[in-house]
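In: Dropping a prediction and its sequence here:
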Amino acid sequence: MEVARGVKLYYEDWGAGPVVIFVHGWTLSHEFWSYQTLKLPPRMRTIMYDLRGHGMSDKPFSSYSYQEYAYDLLHLIVGLNLRNVTLVGYSMGASICTEYLRLFGTERIAGFVSVGGAIPKYVKSPDWPYGLPPNTIQAWFDDLHRRRPEWQEELSNHIFVNPTVGSATKRWIWTIGMQSSFPAAVGSLITLQNTDFRAFIPYIGIPFALFQGAKDDITLPEATQWIHAHNPRSKLIMFEESGHTPCIEEIDKFNAELTKFVFSLTT
C-alpha cells in the first residue's frame, strides 16, 4: 500500500473478525509476529506490516520519526477502512502506537496492547530513573556505525532470557534485523532517545493492556509499573519467564492473554 509519495508498505492481512494490527519494534519486520498469526483463533483478523525502512517495505531516506511512522499507520488503517482496531505494539512499536493515539485519537481504535513497550520515556534522566543510561544509547550508536552485524547479533541474544529459546531463533531475529536500512536504524534510534510520553499516558482513554517481561532489562518493568499507576484504564500482565520478548518466550500465555483482551472489547 502506498502511504506517501514513493513509499509503499508491505502488509499481510489474515482471517476475519475483530481487527488486530501488529506493529513490530526496532529493526524487525512483520515476521516477528509469526507465532501470533499462526496460532490466534481464525475468528480474528490479524494485520502485520513492515514499517518504512524495514523488512519488505520501501526504504526511503526520511526522518524515521514516530510522527512519520504514525502517519504511515493512519494511511494503512484508513486505506483498509478499518474500525474498532486493537493496536499491538512491541518495544518501539508501542511508542509508534502511542504517538498514533496522541495525534489521531481513538475514533478507529478499540484497544491498545503494549508489549515490552519503549514508553513512556526510554532514557534515564534526573526526573526519570526507569530508563537506560544515556551512555548506553551512545554506545549503541557507536556500535551501529562500527560493527552493526556483531552488535545486532549480541542484541538478538540479549532480548531473550527463557532457556527454551534456542540459537536458531536468535539467528532468525538477527536475519530480520539486518534487513532494515541503516538510515532507519539510526533515525528511529534517535527518536527513541528523545521522546517523552509521560504527560500523555494518563489520557489514553481506551482499554490498555501492558504485557511485560518480568526479567526485561531492555524496557524496564518499573517503567511499565509507572504507566499502570498513572493510567487507571490500564491492565498489567507480567510474564515471569520472559525478558524483552514474551510473544516468543511465552507464546501460549501471550496468545491466550491477547485473545482474552481482544474479545473483551467486543462484549
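Out: Noted; the coordinates are in hand.
In: what about the helices in the stretch 51-200 of the chain?
Out: Secondary structure of the stretch 51-200 of the chain (DSSP state H, counting those that start in this stretch): helices located at 66-79, 92-104, 134-158, 167-177, 182-194.
In: Now those helices in JSON lines, please, with extra columns for distance to Tyr11.
Out: C-betas here are computed from N, CA, C, even on glycine. Listed next are those as JSON lines, based on distance: least, C-beta to C-beta, whole Å:
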{"stretch": "helix 66-79", "distance to Tyr11": "7"}
{"stretch": "helix 92-104", "distance to Tyr11": "14"}
{"stretch": "helix 134-158", "distance to Tyr11": "24"}
{"stretch": "helix 167-177", "distance to Tyr11": "16"}
{"stretch": "helix 182-194", "distance to Tyr11": "17"}
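In: okay, those in JSON lines with mean pLDDT next?
Out: Converted to JSON lines, the helices of the stretch 51-200 of the chain look like this (pLDDT from 0 to 100):
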{"stretch": "helix 66-79", "mean pLDDT": "98"}
{"stretch": "helix 92-104", "mean pLDDT": "98"}
{"stretch": "helix 134-158", "mean pLDDT": "93"}
{"stretch": "helix 167-177", "mean pLDDT": "97"}
{"stretch": "helix 182-194", "mean pLDDT": "93"}
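In: need those in JSON lines with distance to His244 and mean neighbour count, can you?
Out: Below are the helices of the stretch 51-200 of the chain laid out as JSON lines (distance: least, C-beta to C-beta, whole Å; neighbours: other C-beta atoms under 10 Å):
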{"stretch": "helix 66-79", "distance to His244": "19", "mean neighbour count": "19"}
{"stretch": "helix 92-104", "distance to His244": "11", "mean neighbour count": "24"}
{"stretch": "helix 134-158", "distance to His244": "8", "mean neighbour count": "14"}
{"stretch": "helix 167-177", "distance to His244": "11", "mean neighbour count": "16"}
{"stretch": "helix 182-194", "distance to His244": "14", "mean neighbour count": "18"}
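In: Out of the ones you listed, flag the one nearest Phe32.
Out: Closest of the helices of the stretch 51-200 of the chain to Phe32 is helix 167-177, at 6.4 Å (criterion: C-beta to C-beta).
In: how far does the closest one sit from the chain's center?
Out: Centroid separation between helix 167-177 and its chain, computed with C-alpha atoms, centre = their mean, to the nearest Å, is 17 Å.
In: same question, stretch 177-190
Out: That offset, for stretch 177-190, works out to 15 Å (C-alpha atoms, centre = their mean).
In: Stretch 211-224 now?
Out: 13 Å.
In: Low-confidence ranges, the chain, go.
Out: Scanning the chain for pLDDT under 70 picks out no residues.
In: Let me see the ranges of the strands in it.
Out: 2-4, 7-8, 11-14, 19-23, 45-49, 85-90, 109-115, 208-213, 234-239 (DSSP state E).
In: Would you list the strands that the shortest one pairs with, along with their directions?
Out: Okay, so that is strand 7-8. strand 2-4 (antiparallel) (DSSP bridges).
In: Repeat that for the last one.
Out: Using DSSP bridges, the strands paired with strand 234-239 are strand 208-213 (parallel).
In: now the angle from the strand it pairs with to strand 85-90?
Out: Here the directions of strand 208-213 and strand 85-90 differ by 20 degrees (axes from the mean of the first three to the mean of the last three C-alpha atoms, to 10 degrees).
In: now strand 208-213, how far from the chain's geometric center?
Out: For strand 208-213, the gap between its own C-alpha mean and the chain's C-alpha mean amounts to 11 Å (C-alpha atoms, centre = their mean).
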